[in-house]
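Peer 1: Have a look at this fold, sequence not included:
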């Protein structure tokens, strides 16, 4: 029986010729990832179990991105635990303030993810690297501890939903609108325990940054992973970043899918998700005019260069509305630097936006932009659950960088084509 | 024992809000468990109580702090129509029992008296007299739970040293 892209990658990792949906396997890992919130719990479990050595110091990445630069004493203590462990075990890919970026932008940028690889991360948005044709998925801290010790993880081989993309995106429509539209179609558990496998003519027109955004939010549909086929754009991205040998996998012609979902990219409008679920989506037109007090442009979903370019193009020469706080967070130091060289940072500051060093901060209501009671934010982040960015009475609308930037100028939810 | 029953899509942000993740010790996690969905939970929950949820229980973040917080409250198990996959594996990996059984969720009300048998997957509602059969865990997963979690299981198999 034919296999999906994900099934082929997992079969190879498990040393098997064939796997099928539902089968439990143990696979070899190419990278084990953690951050400053999940790694300390993994280290505690690692040490409590009396484990003494890591399986490969070059295949573990620890990125201090959630509460950094440290927001309080307790966060600083958690970072110190990570720092000590990384030093003790000589972890090659340890990223502290000054080098770190938001993990899911940083890992691909540093060439730590490649097609055909199997990556687990103690962070739910680890599914981002499917954009490169890798199998990558979020796990917990105990999985991270076991992965660091053994280089192995257990997986239930997933079924897949085939997502056929056709056509090309219209102006002011981006990867965020594609994935919000998809989640709106299938629901927050629409792909539970399954892969989202993207294919079709529409794939070639999508830039890598759009594909990262789409795979990043696969988890928001409940998916185990999202994955794109490898094409010329993928290879161009990998050139100069990944020197090791990698293998790309294509789905078999006779692969079995749970179902097929089709999206004509040319029909999509800028899309937003209203509180309190990412599946609560509407075309921006239906929500236009809703007042907001804060705008966040950044995160592992939308803090990449294409995102900043799209936001800056709208904010350039304009002013953030009175009564609105606009916070822009480049996802990595490299993105920050390039945005500066392109003049995007000047555009943001001249418009009256605040620009922050890379951090996950406001996305999870950590720091650098927490909301007050009854406030509304429009954010390019990935979750709008109750209390996600502040008190339970605060509200988050998820949107693309273009919609967020346009809304910053007007102070109300706005179609970017109208500013 | 008491039943705490919630709806669909109980996410990890309401199980343990991110503002408490900087103190990941069990006592602190337990004291804020379910705070943003049920402010009385942490102060009223007692060992042996059972949490019942709808579909996609534990969706959102990968934070293992979520099942750890519920476990640290002394909750005996979570019964749900379905679990988000990271929560599902985290619960298994820390040796915390969860049961997937849509019929049981529909057949349990707050105030009912429930018994659960993890070995057989049988859930009995003593108040209504109904019994339900949860899907049993595969042998591999049972091995993890019986060993008290993933790391103990890997050590028992001689894989982790």
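Peer 2: Structure received. The structure presented is a predicted model; accordingly, all values stated were derived computationally and were not measured.

Peer 1: which residues touch residue A:308?
Peer 2: A:297, A:328, A:330, A:335, A:339, A:344, A:401 (C-beta atoms under 8 Å, 6 or more residues apart in numbering or on different chains). Where you see a C-beta, it was placed from the backbone N, CA and C, and this is true even at glycine.

Peer 1: Then residue B:131?
Peer 2: By C-beta under 8 Å, 6+ apart, the contact list for residue B:131 reads B:122-125.

Peer 1: of these, closest to chain A?
Peer 2: When the contacts of residue B:131 are ranked by distance to chain A (C-beta to the nearest C-beta), residue B:123 comes first, at 21.3 Å.

Peer 1: Give me the distance between the closest one and residue A:192.
Peer 2: According to C-beta to C-beta, to the nearest Å, residue B:123 and residue A:192 sit 21 Å apart.

Peer 1: Which one's more surrounded, these two?
Peer 2: More neighbours surround residue B:123 than the other of residue B:123 and residue A:192, with 25 against 21 (other C-beta atoms under 10 Å in any protein chain shown).

Peer 1: Secondary structure class of the more buried one, three-state.
Peer 2: Under DSSP: H, G, I helix; E, B strand; the rest coil, residue B:123 falls in the strand class.

Peer 1: Can you list the residue ranges for helices in the stretch 101-250 of chain A?
Peer 2: All helices of the stretch 101-250 of chain A, identified by DSSP state H, counting those that start in this stretch, fall at A:103-109, A:141-150, A:175-186, A:202-205, A:208-216, A:232-238.

Peer 1: Give me the helices and strands touching the third one, please.
Peer 2: Of the remaining helices and strands, those touching helix A:175-186 by 3 or more C-beta pairs under 8 Å, 6 or more residues apart in numbering or on different chains; DSSP states H and E are strand A:160-166, helix A:208-216, strand A:259-264, strand A:271-273, strand A:281-283.

Peer 1: For these, give me JSON lines that also has mean pLDDT.
Peer 2: Below are these laid out as JSON lines (pLDDT from 0 to 100):
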{"stretch": "strand A:160-166", "mean pLDDT": "98"}
{"stretch": "helix A:208-216", "mean pLDDT": "98"}
{"stretch": "strand A:259-264", "mean pLDDT": "98"}
{"stretch": "strand A:271-273", "mean pLDDT": "98"}
{"stretch": "strand A:281-283", "mean pLDDT": "98"}
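
Peer 1: Rebuild the ones you listed as CSV, extending it with distance to residue A:88 and mean neighbour count.
Peer 2: Shown next, in CSV, are these (distance: least, C-beta to C-beta, whole Å; neighbours: other C-beta atoms under 10 Å in any protein chain shown):
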stretch, distance to residue A:88, mean neighbour count
strand A:160-166, 40, 22
helix A:208-216, 32, 27
strand A:259-264, 47, 14
strand A:271-273, 42, 27
strand A:281-283, 46, 18
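
Peer 1: Determine which of the ones you listed approaches residue B:99 most closely.
Peer 2: Smallest distance to residue B:99 across the helices and strands packed on helix A:175-186 (C-beta to C-beta): 26.1 Å, for strand A:160-166.

Peer 1: and the closest one, what other elements does it pack with?
Peer 2: So strand A:160-166, by 3+ C-beta pairs under 8 Å, 6+ apart, packs with helix A:5-13, helix A:175-186, strand A:195-199, helix A:202-205, strand A:259-264.

Peer 1: Save those as TSV, and put in distance to residue A:308 too.
Peer 2: Below are the helices and strands packed on strand A:160-166 laid out as TSV (distance: least, C-beta to C-beta, whole Å):
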stretch	distance to residue A:308
helix A:5-13	30
helix A:175-186	13
strand A:195-199	24
helix A:202-205	21
strand A:259-264	25
